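Peer 1: have a look at this fold, sequence not included:
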Ligand SMILES: [Zn+2]
Ligand SMILES: [Zn+2]
């Protein structure tokens, strides 16, 4: 681990766990690297993402970052070490006072 003290301003909310994705058109789940990406035909500055399994475009959702859980991530919260995205079941507010 390295500490960066060069005050750049806004704190970086790096994901504490690798991003995972799921396809809403089929049962595919995978990592950020597996996702298909292409420039949008409507706006070259935009990127559209697609499912590598069924090729559905724009049907990709964040998956819960809890290992083994393939639910859609509907919650996001700061956790020790970074930001997490989870489903409702794995949502856990880290309360320092507990
Ligand atoms: Zn798919
Ligand atoms: Zn979950």
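Peer 2: Arrived safely, thanks for sending. Please read all numbers here as calculations on a predicted model, not as lab measurements. Ligands and ions are numbered 1, 2, ... in the order given.
Peer 1: ok, now how distant is residue 31 from residue 80?
Peer 2: Distance of residue 31 to residue 80, computed by Cβ to Cβ, to the nearest Å: 23 Å. Heads up, the C-betas are built off the backbone N, CA and C, glycines and all.
Peer 1: and these two? Which one has more around it.
Peer 2: Set side by side, residue 31 and residue 80 give different neighbour counts by other Cβ atoms under 10 Å, the larger being at residue 31 (11 against 8).
Peer 1: pLDDT score for the more buried one?
Peer 2: For residue 31, the model assigns a pLDDT of 91.
Peer 1: next, it: phi, psi?
Peer 2: phi -90, psi 170 (degrees, to the nearest 10).
Peer 1: residue contacts, it?
Peer 2: Contact analysis of residue 31 by Cβ atoms under 8 Å, 6 or more residues apart in numbering lists 18, 19, 20, 21.
Peer 1: partners of it in the sheet?
Peer 2: residue 20 (DSSP bridges).
Peer 1: what residues does the protein have near ligand 1?
Peer 2: The chain has residues 23, 25, 26, 28, 51, 53, 54, 56 near ligand 1, with proximity defined as Cβ under 5 Å from the ion.
Peer 1: sort out which of those residues are buried, if you could.
Peer 2: 23, 28, 51, 56 (16 or more other Cβ atoms under 10 Å).
Peer 1: those residues: which two are farthest apart?
Peer 2: 28 and 56 (8.9 Å; Cβ to Cβ).
Peer 1: hang on, the earlier thing: dump the contacts of residue 31 to CSV, plus distance to residue 36 and pLDDT.
Peer 2: Below are the contacts of residue 31 laid out as CSV (distance: Cβ to Cβ, whole Å; pLDDT from 0 to 100):
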residue, distance to residue 36, pLDDT
18, 17, 86
19, 15, 89
20, 15, 92
21, 10, 95
